[in-house]
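Engineer: just coords:
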């Protein structure tokens, strides 16, 4: 078990998590999470709209949005806690997080089939890949802001 005192973050500037970049990231995560909850609450109503695009979005949102959030949270919160804040600037860590997320979402689909909770849905896999890719693009666009703020 990891103790808070043993984290590498202790030896770095703790103010990084209260920086402007992290505050903006917190707003993004909160906004996406609220959007996800609204979709989940009103999902049945979305199906009744009889629009194929909205129905498709309602079907894949449970994979699209969490895959996006897991990638962002993993890269900007979990990796810095485990490996130090300097790892945010390394692209190798994001590819590892992406691979783990892809494996997890494939396993979730497989578990649905094995335990007869649902059927294999290629749209869910594609939505997960799109969420991971979108988070990766955001990571590569914003990582320089985090590295610059940390090195001040």
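Structural biologist: Cool, the structure landed. The shown structure was predicted, so the numbers you read here are calculated from the model rather than taken from an experiment.

Engineer: Can you list the helices and strands that the helix or strand harbouring residue 63 packs against?
Structural biologist: Per DSSP states H and E: residue 63 is located in helix 52-73. Using 3 or more CB pairs under 8 Å, 6 or more residues apart in numbering; DSSP states H and E, the elements in contact with helix 52-73 are helix 20-41, helix 43-47, helix 91-114, helix 122-150. C-beta coordinates here come from the backbone N, C-alpha and C atoms, glycine included.

Engineer: ranking those helices by burial, who's on top?
Structural biologist: Ranked by mean neighbour count, the helices and strands packed on helix 52-73 are led by helix 122-150 with a mean of 17 (mean count of other CB atoms under 10 Å).

Engineer: Remind me what it packs against, helices and strands.
Structural biologist: Packed next to helix 122-150, using 3+ CB pairs under 8 Å, 6+ apart, are helix 20-41, helix 52-73, helix 91-114.

Engineer: Throw these into a markdown table and include mean pLDDT and distance to residue 139, thanks.
Structural biologist: Output for the helices and strands packed on helix 122-150, formatted as a markdown table (pLDDT from 0 to 100; distance: least, CB to CB, whole Å):
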| stretch | mean pLDDT | distance to residue 139 |
| --- | --- | --- |
| helix 20-41 | 89 | 10 |
| helix 52-73 | 91 | 7 |
| helix 91-114 | 91 | 5 |
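
Engineer: re the thing from before, could you dump the helices and strands packed on helix 52-73 into CSV with distance to residue 73 added?
Structural biologist: Formatted as CSV, the entries for the helices and strands packed on helix 52-73 read as follows, by distance: least, CB to CB, whole Å:
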stretch, distance to residue 73
helix 20-41, 7
helix 43-47, 23
helix 91-114, 9
helix 122-150, 9
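
Engineer: and the residue of the chain most remote from its centre, what are its phi and psi?
Structural biologist: Relative to the C-alpha centroid of the chain, counting by CA atoms, centre = their mean, residue 50 is the outermost residue, at 29.4 Å. Dihedral pair for residue 50: phi 60, psi 30, per degrees, to the nearest 10.

Engineer: Residue 51 too?
Structural biologist: Per degrees, to the nearest 10, the backbone of residue 51 is at phi -110, psi 130.

Engineer: How many residues are close by it?
Structural biologist: 12 (other CB atoms under 10 Å).
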